[in-house]
Structure formats: structure tokens, C-alpha cells
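Colleague: Sequence and predicted model, in that order:
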Amino acid sequence: MKIVFFGSSHFAVSSLEALIKSGYDIACVVTQPDKKKGRHLHLASTCVKTLAEAAGIDVFQPQDINTNDSVNHLKAIGADLFVIVAYGQILSQPVLDLPGVMAVNIHASLLPKYRGAAPINWAIIKGEEITGVTIMRVERRMDCGPVISQKEISINEDDTAISLEISLSRLGGELLLETVKNIKNVKLFPQNDLYATYASKLKKSDGLIDWKKTAIEIYNLVRGTLPWPGAFTYYNSKLVKIYIVEKFMLFDKKDFSCGEIVEILKDGIVVVAGKGAVIIKELQIEGKRRMTAAEFIAGHKVSVGESLLTKK
RNA sequence: CGCGGGGUGGAGCAGCCUGGUAGCUCGCAAGGCUCAUAACCUUGAGGUCAUGCGUUCAAAUCGCAUCCCCGCAA
């Protein structure tokens, strides 16, 4: 069984690793081209590329996977199976028709729920208690192909999008091995579009905290938007990222407005939400490093009655 | 050469513009108060003000250069 692996982000690494460790014949790894990234826009390659090179596998990084040149390059490999995990480009039908058996995709949700680019983030933001990974046959419509296998996992109270991505990534790797084993005669279960929901790619603005929302919603937003864009608010005209909060539900807010600081603890700042309050435990002001609330309080003259705002 | 913020006792910050005694909150140590305490009061230790060069009678502060950290953007 000759496999071509398509992947770019961290989520793909575990799956590729699993395939390598199990001794599958990976003829080529396709990943996004190196891009200028980071503080001084230096060239950076994807983590998948790093792993592939370490394992001595050929790497293919087309700007556009659907051009004739790209298709011919893939065709020449003569693969039986395409495994696509968080690749970052949409494959056209000519590409999908190349593998002898089929093209499969690992998606980080229990399809048909949370189709789209950011299923892990949105599952947490929406307060889901269970999510999982799905392997399906790839079809032209995004994340709509028939399901081959699925595995559930519960979302813990203290999970963030980062920790959940790691868990799901591992789970995806396990499920991939089980699925690939008898990929030639699997059953396909069509998705029911009636139950489909969409998890669009996060925008910076998705991380903006609306203090009128409930403490639980804000708590979920903080956990779900990591590592990017992160939940943020504004204090003294500066952007403040909020990394860790605790829910603080028992709170009578009648005399306060949403976003108002009502109490300063030794190691936390209590802020009123639409329902309940949250305690900020770890934060970061623009230009400064991430710090605990205790550190922040020590150096900034935070006082009760000040407010966190939704804009500068 | 993408834009910007910053490096000041152990931590987080002020002071810099308008050079002239090293400041604040916390932590730490000792003592006191207290049934008691992470609370409160008193005292104390701890700093080449990132590095180098320059300007000046005098530089944390002004100028030039270097190193390091971080946010945004992507």
C-alpha cells in the first residue's frame, strides 16, 4: 500500500508519525510551501515538513496543488491511498481521482457537526462536552464525504483548544491506523446534512470578549480561542489578552456594569459578566509578556470600578 | 530590511520628555500585634539602571552602535 500524506499544521503530525512508526510505505509528503512568518518575516517550514525530512521522506510543496504540473507529479507516484490531514488547500476532483483505493481525510470533529476549518476551537467555544475525530472519504464538498470511522473523546472542563488539539491529534493517529488496515473493504456511511454545523476559520475579532455574555461563555471563549487569536479585551486603551480565567458564578451584579472590575484578589481580578463573573488569573498586555494576575496587580495600579472594554 | 512595545534589587512597574541623593506594589528576612493568619504595624537585606562608545562638571535620563525579550501583522 503506497501512501501519499497531505498535511501542514500540528494536528497532522501525530497521524504522519503513526503511519511512519507502523512501517507504511509513505511515498511522499505534501505540505504547504515555506512562508514568511514571525517577527521579522523569516522563512519558516511547516512542522509536517520537518518531520518528513527527519524520516527521509520526499517532500512536495506546491503553491497550488491543482495545477497540471502538480497533478502530474502526484500521478507519477502511483499511490493507492491519499491521507489528508489539515493540509490547507482544497483538492480538485482530478487530484482526488488519482489514488487507486481512495482519498481519506481526518477531521477533528464528530461529523456532520463542525464541518470546516476550526472544529476544535468552536467545539470548546460552543461549550460542547463531547467531540472526536472522523475519517471520511474525501469528496469535492468540504468535509461532506461519507464517514468511514469515528472516535469520541470528552472535553474536560480545563481543556483548552491547545490541549484538545493534542488529544484529538493522537486519537486521529490511532483511528487512522485502525482504518487504514482494511481500507480496501470498508463500509461508507453517508452524512446526514440535516445535522451539519459549520466551524469557520477563526478571525482575530472572534477573540474579542463581549462582557455582556455569561461567565461560562467567556470562560469557553478563553479556552477555545487559544493559541490564536486568544480572548482579548481592552484596558486603558491597550489590548489585553486573557489566558486563564475561572468562572465565578455566585455573584449579584445589580449595582455593577458588565466588564467592571469589582474585586482585586491577591492573585486574580474579578470582572462582572452578563451573568456571573470571571476571575482573570493570567493575562498579557500588548508589548509585554504573559504574566499572572498577581504580577500584573503588583506593577499596575488596578482599582475596583475600572472597566474592561470592547474597544480602545 | 513588515509595524510597534520593552530590558531599572527575586517578580511586576514608575522615574527618562524638562540630566543633579534609586522610587512604588509584591516577595524575602527580622521584630511586633494577635487565639491565630496569606491580615496589620515597624525595621532590614538586596540594584554594574541590558552592553559598549560618545556628549557633559555630572547620564537610568541625551546621542550612536550592539545584544536580548515581547505584542501586532502574516
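Modeller: Good, I have the coordinates. Not measured: the values here are computed from a predicted model.
Colleague: Quick check: whichever residue of the stretch 151-300 of chain A sits closest to RNA strand B vs residue A:230, distance?
Modeller: In the stretch 151-300 of chain A, no residue comes nearer to RNA strand B than residue A:299, which is 2.3 Å away by Cβ to the nearest atom of the strand. Placement of C-beta: from N, CA and C, glycine included. Applying Cβ to Cβ, to the nearest Å, the value for residue A:299 to residue A:230 is 21 Å.
Colleague: more neighbours, these two?
Modeller: Each of residue A:299 and residue A:230 has its neighbours counted (other Cβ atoms under 10 Å); residue A:230 has more, 19 against 9.
Colleague: I'd like the distance between residue A:42 and RNA strand B.
Modeller: Note on residue A:42: its distance to RNA strand B, by Cβ to the nearest atom of the strand, to the nearest Å, is 8 Å.
Colleague: Now do the same contact list for that residue.
Modeller: Residues in contact with residue A:42 (Cβ atoms under 8 Å, 6 or more residues apart in numbering) are residue A:36.
Colleague: what do you get if the cut-off is 10 Å, keeping everything else the same?
Modeller: A:34-36 (Cβ atoms under 10 Å, 6 or more residues apart in numbering).
Colleague: What about RNA strand B: which of those touch it?
Modeller: Filtering the contacts of residue A:42 for proximity to RNA strand B (criterion: Cβ under 7 Å from any atom of the strand) leaves A:35-36.
Colleague: Format the contacts of residue A:42 as CSV; extra columns: distance to residue A:244 and neighbour count.
Modeller: Below are these laid out as CSV (distance: Cβ to Cβ, whole Å; neighbours: other Cβ atoms under 10 Å):
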residue, distance to residue A:244, neighbour count
A:34, 33, 13
A:35, 30, 12
A:36, 31, 9
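Colleague: Sort out for me which of the contacts of residue A:42 are in strands.
Modeller: Residues of the contacts of residue A:42 located in strands (DSSP state E): A:35-36.
Colleague: Reformat the contacts of residue A:42 as TSV; add distance to residue A:101 and pLDDT.
Modeller: Putting the contacts of residue A:42 into TSV (distance: Cβ to Cβ, whole Å; pLDDT from 0 to 100) gives the following:
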residue	distance to residue A:101	pLDDT
A:34	31	92
A:35	32	90
A:36	37	88
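Colleague: any idea which of the contacts of residue A:42 is closest to residue A:303?
Modeller: For the contacts of residue A:42, the minimum distance to residue A:303 (Cβ to Cβ) is 42.8 Å, reached by residue A:36.
Colleague: so that closest one touches residue A:44, yeah?
Modeller: Yes. Look at residue A:36 against residue A:44 with Cβ atoms under 10 Å: they come within range, at 7.6 Å.
Colleague: was I right about the residue of the stretch 151-300 of chain A closest to RNA strand B contacting residue A:289?
Modeller: No. Using Cβ under 10 Å, residue A:299 makes no contact with residue A:289, being 11.9 Å away.
Colleague: Give me the neighbour count for residue A:47.
Modeller: Residue A:47 has 17 nearby residues by other Cβ under 10 Å.
Colleague: sorry, that was for residue A:1
Modeller: 14.
Colleague: Quick check: it vs residue A:243, distance?
Modeller: 44 Å.
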